[in-house]
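[1] need a 3D model of the following:
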Amino acid sequence: MFWWIFALRGGFALVFALVLRFAASLLGTIFFDPVMLVCISLLLGSYVFANGVLLGVAGVYARQHHLRLWSVLLGEALFALVLAGFVGFSLRMTSESLAWLAALHTLGIGCFQAASAIRLHGNGRLQWILSLLAVASWLMGVIFLLNRHEEVRTLTVWLSGFELIFGVGVLAFAFWLHREAPAKSGPTLIAPAPAGA
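    Sure, this is the predicted structure:
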């Protein structure tokens, strides 16, 4: 019913990936790297905040319609908003702090995608998409942690690549959710009714 929120989220991820890639190309040029780091942190904070708002809307909508995903969506929304707030208060980033934030962002996404996949048991295709996104997010998080001393340009390009993959995955999820939800919304997406209802 709210597949379009996931489509918007995927679209935002693709736009963010392209903007990040452009920002990475400016590092080391006529722009000072500290200035670019502030710009990148503002971009990351704004993107994560927008994600949190979209997920919050989806979570409230899912709660109103007794869908199983509501608690996961609201949990991910809260995580995204807290992370966005933290990014907003720590604008003076270094390459290492950028790596830590990117790792936290990707590992958190992975955990919530895995939780959503578990909640969608019985919807094979949707489960597979979310499971693949979870694995890709965890792998990227580990890469950021193991390479936290890399240059800002490299970290930004990696984050851009991850967001590109994530955006395509979320768009695929939105597409199949739109196709399958009307036929399968009853037993698989809607939480069981309380006893005696």
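[2] can you give me the helices for the chain?
    Residue ranges of the helices in the chain, as given by DSSP state H, are 3-26, 33-64, 70-89, 95-119, 124-146, 152-184.
[3] which ones are touching residue 157?
    Counting by CB atoms under 8 Å, 6 or more residues apart in numbering, residue 157 touches 20, 21, 24. Backbone N, C-alpha and C define where each C-beta goes, glycine included.
[4] give me the low-pLDDT residue ranges for this structure?
    The model of the chain has pLDDT under 70 over residues 1, 28-33, 91-92, 181-197.
[5] contacting residues around residue 113?
    With contact set as CB under 8 Å, 6+ apart, residue 113 has these partners: 130, 131, 133, 134, 137.
[6] are any of the residues you listed buried, and if so which?
    Among these, the ones that count as buried by 16 or more other CB atoms under 10 Å are 130, 131, 133, 134, 137.
[7] surely the third one and residue 163 touch.
    This means residue 133. No: Residue 133 lies out of contact with residue 163 (CB atoms under 8 Å); the separation is 11.7 Å.
[8] could the contacts of residue 113 be laid out in JSON lines, adding distance to residue 81?
    Output for those, formatted as JSON lines (distance: CB to CB, whole Å):
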{"residue": "130", "distance to residue 81": "21"}
{"residue": "131", "distance to residue 81": "25"}
{"residue": "133", "distance to residue 81": "20"}
{"residue": "134", "distance to residue 81": "21"}
{"residue": "137", "distance to residue 81": "18"}
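[9] would you point out which residue is most central in this protein?
    Against the mean C-alpha coordinate of the chain, by CA atoms, centre = their mean, the closest residue is residue 109 at 5.1 Å.
[10] any idea how far it is from residue 137?
    For residue 109, the distance to residue 137 equals 4 Å [CB to CB, to the nearest Å].
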